[in-house]
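Chemist: Next comes the sequence, and after it the predicted model I'd like to discuss.
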Amino acid sequence: MKLSQQAKKVFEVLKEEKRARFEEIESHGFDQSMVARAAKELEEKGLAQLEEEEEVAYKLSKKGRQVVREGSPEYRLVEILGEGPKKFSEIKIPADVAVGKAKQNGWIEIDDGEISLTGEGELVEQDKVAKQLKEKDFGEDHVARGLVERLTEVTRSLELTKKGEQVKISNVEEEFNVEAEASLPQTGRKHFYKEVVDYARQQWLEMGFKEMKGPFIVSSFLNFDALYTPQDHPARELHDTFFIRNPERDDLERFGGKVDYVKKTHEDGWKTGSKGYGYEWDRKEAEKNVLRTHTTSVSAQKLHEIDIENEDLPVKYFTVSRNFRNETVDKSHLAEFLQTDGIVVGENLNFKNLKAYISMFFDKMGLRYRIIPSYYPYTEMSVEVQVYDDELDEWLGLGGAGMFRPEVVKPLLGKEVTVLAWGLGIGRIAAKAAGIEDIRELYQNDIEILEKTPIWRPE
């Protein structure tokens with residue numbers, strides 16, 4: 001008789017044990033899937049019989065563990081009433097359960113909103129419920145009250161058949177199946193989020209963009225003011241922005257006269273053709289350092305650095321990097337997130353060019369997308385880029401894009417030219433690739449998720 005190597009090993013165990021549970025067989029160093037395959041093979045050969053049994057087990061629930069620690073509500077009520085009758089408002093425990101159970105036991109009576117012990121209640125000396133739970137003397141009443149959870153487990157066992165008892169191990173040959181599926185060895189690889197980020201970066205490079213970089217800590221001038229965001233804008237408050245304590249401020253000297261241009265633009269529009277916001281701009285507010293809230297601050301820094309008179313236009317820059325916002329962390333929000341920003345500076349650019357760049361990027365990323373009208377303080381016209389989620393059957397916002405307003409371009413470049421700009425989220429792309437719903441898992445090195453997530457490629 002021929003058996004696979006795995007089935008022969010399990011058969012050897014059964015020859016000694018006659019009957020064994022799967023867990024007992026696994027204790028010999030076999031994994032669960034191997035035992036299951038071997039059991040099926042032995043059953044098909046008539047050497048063993050598979051049996052399944054249901055076992056019921058009980059364990060304390062969270063509520064039950066609380067009763068063990070603090071006592072049952074009805075007994076605690078008896079202790080409280082031992083000091084004398086009480087009104088409902090004076091009982092500082094879950095009164096509904098305590099009163100209901102104590103009254104059911106005949107321990108209390110209620111008269112005109114006042115609770116007092118009966119003669120039987122005065123005789124109660126022991127918390128039987130807590131005692132039963134401690135001693136694991138569980139009953140149906142404990143289950144009904146939610147103090148104990150009933151668990152049903154299916155146990156599987158293998159038992160030798162008469163044929164199995166008659167077959168000698170020495171007469172069993174190992175059958176080697178060259179076509180059987182084998183598990184691949186685990187090898188090192190990039191985190192799937194890093195794969196998505198690197199792929200996105202490669203697409204911009206292939207489209208002729210140069211990579212721009214900037215610091216995580218920037219002045220409010222660069223993060224907000226230079227992008228024509230008014231100083232009373234809600235996004236600048238603590239609920240959205242992390243302000244830096246040390247160093248608290250940037251003197252803005254490296255921006256030279258551009259600081260004054262931005263100031264005048266906010267106050268009266270300067271030479272941009274705008275009326276500005278009509279308030280008194282505060283340099284001290286602009287000097288405050290923050291953790292950048294968007295990589296558009298990197299785009300603003302690059303506009304300041306470009307020597308527009310000596311550049312062969314158009315010029316194209318991108319970045320893929322981290323940003324920080326004072327968000328409440330949950331399954332869809334983090335205090336840190338990745339974004340890709342880009343700018344194209346030129347004299348003969350229009351909205352069609354912007355749409356073409358965005359479309360080419362998302363086509364390369366393999367995503368179904370759409371571009372819809374939107375509003376941002378520093379672009380006009382402005383659009384939102386949305387991607388379609390097949391599982392949710394809805395469109396999800398992935399970022400914004402538009403053409404920088406003259407109020408942004410002229411103070412930083414000294415000349416009014418067209419600047420196409422966008423800021424797009426990367427995290428949702430990676431989450432979709434890994435099939436995860438909790439965005440926090442993007443930053444966790446969960447080995448199971450890393451092994452199951454295929455090497456990322458666009459669809």
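Modeler: Great, that's in hand.
Chemist: quick one: the residue lying closest to residue 262 once chain neighbours are set aside from residue 329, how far?
Modeler: The shortest distance from residue 262 to any non-neighbouring residue, by C-beta to C-beta, 6 or more residues apart in numbering, is to residue 411 (4.8 Å). Any C-beta I mention is one placed from the backbone N, CA and C, and that applies to glycine too. Residue 411 sits 36 Å away from residue 329, going by C-beta to C-beta, to the nearest Å.
Chemist: ok, these two, which is more surrounded?
Modeler: Remark: of residue 411 and residue 329, residue 411 carries more neighbours, 27 against 11, as counted by other C-beta atoms under 10 Å.
Chemist: Residue 287: neighbour count?
Modeler: Close neighbours of residue 287, defined as other C-beta under 10 Å, add up to 17.
Chemist: Let me know whether it touches residue 255 as I believe.
Modeler: No. Counting by C-beta atoms under 8 Å, residue 287 stays clear of residue 255, with 10.9 Å between them.
Chemist: Quickly list what's touching both of these two.
Modeler: Jointly contacting residue 287 and residue 255 under the rule C-beta atoms under 8 Å, 6 or more residues apart in numbering are residue 221.
Chemist: Surely residue 158 forms part of a strand?
Modeler: Yes. Assigned with DSSP: H, G, I helix; E, B strand; the rest coil, residue 158 falls within a strand.
Chemist: Dig out what it forms beta bridges with.
Modeler: Counting by DSSP bridges, residue 158 is bridged to residue 20, residue 50.
Chemist: From residue 441, how far out is it?
Modeler: Counting by C-beta to C-beta, the gap from residue 158 to residue 441 is 38 Å.
Chemist: Out of those two, name the residue with the larger neighbour count.
Modeler: residue 158 (27 against 16).
Chemist: can I see the domain layout of this structure?
Modeler: Under the assignment automatic domain parsing, the domains of the chain span 2-54+151-175, 60-148, 192-452.
Chemist: Deepest in the core, which of those is it.
Modeler: Compared across the domains of the chain, domain 192-452 shows the largest average neighbour count, a mean of 17 (mean count of other C-beta atoms under 10 Å).
Chemist: how far out from the middle of the chain is that one?
Modeler: The chain centre lies 23 Å from the centre of domain 192-452; the measure is C-alpha atoms, centre = their mean, to the nearest Å.
Chemist: gap between the two ends of that domain?
Modeler: Terminal residues of domain 192-452 are spaced 10 Å apart (C-alpha to C-alpha, to the nearest Å).
Chemist: dump the residue contacts of the residue nearest to residue 262.
Modeler: Contact analysis of residue 411 by C-beta under 8 Å, 6+ apart lists 226, 258, 261, 262, 265, 270, 272.
Chemist: Check residue 169 too.
Modeler: Counting by C-beta under 8 Å, 6+ apart, residue 169 has contacts 8, 11, 12, 15.
Chemist: how near is the residue nearest to residue 262 to residue 266?
Modeler: For residue 411, the distance to residue 266 equals 10 Å [C-beta to C-beta].
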